[in-house]
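J.: Sequence first, predicted model second:
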Amino acid sequence: MHEIHEEREEYAGPAAITGDVGELNVAVTLRGHFEPIDGKFHWYGRISADSRVEEQHRPGATVTLTTPYGAAAGRLSDQDPWGRFRITGTGTPPF
């Protein structure tokens with residue numbers, strides 16, 4: 001995967017997710033925007049399909065997502081038909 005990094009707007013590249021079970025190296029595609037209604041930065045994206053993520057985490061789990069640019073708490077949600085988990089967070093993004 002080719003790494004993309006537009007400061008505070010998007011990131012695609014390597015990352016690590018850390019939860020109760022330990023750390024997994026994954027690939028992610030993330031985006032974000034400032035939401036003036038609540039005054040917070042909202043970031044979101046997908047974790048590339050990886051059976052280890054499905055084995056160790058369930059939708060609704062809170063994990064720490066770390067990229068070369070930072071770390072932030074995020075919540076896993078739905079898994080799409082291609083096996084990619086969605087992750088969302090608010091506040092300072094991990095990119």
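T.: Received it, and whenever you're ready, just let me know what you need.
J.: Can you verify residue 52 is assigned to a strand?
T.: No: using DSSP: H, G, I helix; E, B strand; the rest coil, the assignment for residue 52 is helix, not a strand.
J.: Assign a three-state SS to the residue of the chain most remote from its centre, would you?
T.: In the chain, the residue that sits farthest from the middle, by C-alpha atoms, centre = their mean, is residue 37; the gap is 22.7 Å. With three-state DSSP as the basis, residue 37 sits in coil.
J.: And residue 55, by the same measure?
T.: Classification of residue 55 using three-state DSSP returns helix.
J.: And it, how far from residue 45?
T.: To residue 45, residue 55 is 21 Å away according to C-beta to C-beta, to the nearest Å. Every residue, glycine included, has its C-beta placed from N, CA and C.
J.: go on, residue 32?
T.: 8 Å.
J.: Test my guess that residue 60 contacts residue 76.
T.: Yes: counting by C-beta atoms under 8 Å, residue 76 is a contact partner of residue 60 at 6.7 Å.
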